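1. Sequence and predicted structure below; questions after.
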Amino acid sequence: MTIDKGDNGSTGAAGESPPGAGEVTAPPPRSASQIEFRLDPASGVPTYLQLVQQVEHALRLGYLKPGDQLPKVRDAVASLAINPNTVLKAYRELENKGLAAGRPGQGTFIRATLSQVALPELAGLRKSLLVWLDAADAAGLDEDGVVALFTSALRDFYKRRADQAVHGRAASDDNETEGVA
Amino acid sequence: MNMKTIIDTEGLGKRYGNSWALRECTLEIPAGHVAALVGPNGAGKTTLLNLAVGLAEPSAGSVSVLGGHPAGSPAALDGIAFVAQDTPMYKNLSVAEMLHLTRNLNRFFDQHQAKARLADLGIPLKRKAGKLSGGQQAQLALTLALARRPRMLVLDEPVAMLDPIARHDFMATVLTATAEDGVSVLLSSHVLAELERVADYLILMSRGRVQVVGEVDDLLASHRVLTGPAAEADRYTERPVVHVSRAEAQAHLLVRATADDPVPPGWEAHPVGLEELALGYLREPVAVSVPGPARGRHAEPSEVSR
């Protein structure tokens, strides 16, 4: 399989010389939005969810602020070669979460920021986590073991939360699926 | 003009000599989707596409397109653009001559759009079609098809011969057309891996029959993979099992079940991807899943028969 770069327009359409002397290079074509989506096909996370998570991530890290426009559906479709309905679904999800809002004829815009835990609290949580990591290390767990244990505890924690929310009250004694891999 | 479906078939069949390339095909493909027709070689994909665009006559049953027009009728021909498997070109004609020819062979042709698109792609008008790279030939065929402003674009194995970049660019052009103009797309493919991000409607075929039909999200939500001890695999009967893959100790079951269905003790449930789902069904050509709305009247809904 060959990838011949010369053929994909990089030669500059014949006969059309670039306007001006060409010292100032034009900005790259897609820069209307603050962020650019990417996809990880190996992640196993559904495509629309990857887009949702990337917006949330960008909000946490400050790449996106309220009022910023998300990539236009057409642009996301063109750059990722994905189904337009996938982008629409992701934006609908962000709207349902109250993070974004659509403006008819204009696009989708960020309307809220993700609530951040105050910094001092974060430091305290980090310290207690380090204590726990010491204990795990002393018990003989390696890095992968720690990640596996943490991930499975995390999943159980939120699953139980969700179950409690569904059943109203905690069914504490008989938890049928306790499968920790 | 609001069309709800792009293709309706009723008991559709096509026979070549003594063998049926397509049998008892009853389908309603809703408009507004990128629908993928998937199956191994010889499954009947190209036959179904040829029947839909009017290049072949049914041996049994009927097929109509764009909300009820008989396949091959003038209204159907005007509304459908078809790009055949190997994007055939007149190799000695220049790109400009291909434009001219296509414009004169069709009732409507958006010359302006076609030229703008070719300029965007950096495809020179003077170049002979036969001298273009594979990716450029495919893009030229697609450009000519889209310039007819079709309501449905039919693509037979569009990217099978293209390198990864050309493949990506080709699909980006197709999907941008659906985003901008609402073109419905029906494409056949046996490249499963890339369909997940492209298609939102799946038609799985094997041995001349339709095996699975439905919106991708619905199909993924209604299937799960259960992983557990091989010894207990045969005892699982709560939900219909599509496919079992097993080793000495461990087994994976592809089952028709939602996230709300109970998981037996000792088993783990995982969501399934489109590729895994399609492979599971293709390995069990007799397993059928043709859910409610897309079905003909004589079918028991939502059952897996093994």
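-> That came in fine, so what should we check first?
2. For B:V225, see how far away B:D234 is.
-> According to Cβ to Cβ, to the nearest Å, B:D234 stands 17 Å off from B:V225. (Each C-beta comes from the backbone N, C-alpha and C, glycine too.)
3. where do the helices sit along the stretch 201-306 of chain B?
-> Listed in chain order, the helices of the stretch 201-306 of chain B (DSSP state H, counting those that start in this stretch) span residues B:216-221, B:274-282.
4. of all these, which lies closest to chain A?
-> Chain A sits nearest to helix B:216-221 of all these, at 7.7 Å, using Cβ to the nearest Cβ.
5. which secondary structure elements does that closest one contact?
-> Applying 3 or more Cβ pairs under 8 Å, 6 or more residues apart in numbering or on different chains; DSSP states H and E, one finds that helix B:216-221 contacts strand B:201-206, helix B:274-282.
6. which other helices and strands contact the shortest one?
-> Counting contacts by 3+ Cβ pairs under 8 Å, 6+ apart, strand B:201-206 packs against strand B:19-30, strand B:34-38, strand B:209-215, helix B:216-221, helix B:274-282.
7. List the contacts of it.
-> Here strand B:201-206 makes contact (Cβ atoms under 8 Å, 6 or more residues apart in numbering or on different chains) with B:27, B:29-30, B:33-40, B:43-45, B:48, B:195, B:210-216, B:219, B:274, B:278, B:281-282, B:285.
8. For PyMOL, what selects the buried ones among these?
-> Command for PyMOL, covering only those of those found buried under the criterion 16 or more other Cβ atoms under 10 Å in any protein chain shown:
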select buried, chain B and resi 27+29+30+33+34+35+36+37+38+39+43+44+45+48+195+210+211+212+213+214+215+216+219+274+278+281+282
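9. what's the neighbour count on the residue in the stretch 51-200 of chain B positioned nearest to chain A?
-> Going by Cβ to the nearest Cβ, chain A is nearest to B:G122 of the stretch 51-200 of chain B, at 2.6 Å. B:G122 has 18 neighbours, counted by other Cβ atoms under 10 Å in any protein chain shown.
10. other SSEs contacting the longest helix along chain A?
-> In chain A, with assignment by DSSP state H, the single longest helix is helix A:143-167. In terms of contacts (3+ Cβ pairs under 8 Å, 6+ apart), helix A:143-167 is packed against helix A:119-138.
11. what is the mean pLDDT for the helix or strand harbouring B:F82?
-> According to DSSP states H and E, B:F82 maps onto strand B:80-83. In this model, strand B:80-83 carries a mean pLDDT of 93.
12. circling back: in terms of neighbours, single out the busier of B:D234 and B:V225.
-> B:V225 (21 against 12).
13. The nearest residue to the more buried one once chain neighbours are set aside - how many residues pack around it?
-> Nearest non-adjacent residue to B:V225, counting by Cβ to Cβ, 6 or more residues apart in numbering or on different chains: B:H270, 4.7 Å away. Neighbourhood size, B:H270 [other Cβ under 10 Å]: 12.
14. How about B:L101?
-> Using other Cβ under 10 Å: B:L101 sits among 13 other residues.
15. Give me the phi and psi angles of it.
-> Per-residue torsions, B:L101: phi -60, psi -50 (degrees, to the nearest 10).
16. how far away is it from A:L141?
-> B:L101 is 70 Å from A:L141, by Cβ to Cβ.
17. so where is the chain shaky, pLDDT-wise?
-> Defaulting to chain A. A:1-32, A:115-120, A:168-181 (pLDDT under 70).
18. try chain B instead
-> B:1-2, B:291-306.
19. Spit out the contact partners of A:Q69.
-> A:A32, A:S33, A:Q34, A:Q106, A:G107, A:T108, A:F109, A:I110.
20. Tell me if I'm right that the second one and A:V73 touch.
-> No - between A:S33 and A:V73 there is no contact under Cβ atoms under 8 Å: 11.3 Å.
21. Quick check, central residue of chain B?
-> The C-alpha lying nearest the average C-alpha coordinate of chain B belongs to B:A36 (Cα atoms, centre = their mean; 2.1 Å).
22. is it true that that one touches B:E194?
-> No - checked against Cβ under 8 Å, the pair B:A36 and B:E194 is beyond contact range at 9.7 Å.
23. same for the longest helix seen in chain B, what does it pack against?
-> The longest helix of chain B (DSSP H) is helix B:164-181. Packed against helix B:164-181 by the contact rule (3+ Cβ pairs under 8 Å, 6+ apart) you find helix A:73-80, helix A:84-96, strand B:34-38, helix B:134-146, strand B:152-156, strand B:184-189.
24. hmm, back to that, specify the beta-bridge partners of the residue nearest to the centre of chain B.
-> Beta-bridge pairing for B:A36 (DSSP bridges): B:L187, B:L202.
25. And it, how close does it get to B:D8?
-> 18 Å.
26. what do you get for B:P58?
-> Using Cβ to Cβ, B:P58 is found at 13 Å from B:D8.
27. Give me the more crowded residue out of these two.
-> Each of B:P58 and B:D8 has its neighbours counted (other Cβ under 10 Å); B:D8 has more, 22 against 19.
28. Output the strand or helix carrying that one as CSV, nothing but the C-alphas.
-> Element membership for B:D8, per DSSP H and E: strand B:5-16. Only the C-alpha atoms of strand B:5-16 are listed here, as CSV (Å, rounded to 0.1, in the frame of the first residue of the first chain):
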residue,chain,number,x,y,z
THR,B,5,-37.7,5.3,3.0
ILE,B,6,-35.0,5.1,0.4
ILE,B,7,-35.5,1.4,-0.4
ASP,B,8,-38.5,-0.9,0.0
THR,B,9,-38.3,-4.5,-1.1
GLU,B,10,-40.9,-7.2,-0.8
GLY,B,11,-39.9,-10.8,-1.3
LEU,B,12,-37.2,-9.6,-3.6
GLY,B,13,-35.1,-12.3,-5.3
LYS,B,14,-32.7,-12.6,-8.2
ARG,B,15,-31.7,-15.7,-9.9
TYR,B,16,-28.7,-16.2,-12.2
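29. List the neighbouring strands of that strand plus their orientation.
-> For strand B:5-16, pairing defined by DSSP bridges yields strand B:19-30 (antiparallel), strand B:60-65 (antiparallel).
30. want to throw the ones you listed into CSV with distance to B:A247?
-> Shown next, in CSV, are the strands paired with strand B:5-16 (distance: least, Cβ to Cβ, whole Å):
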stretch, distance to B:A247
strand B:19-30, 36
strand B:60-65, 43
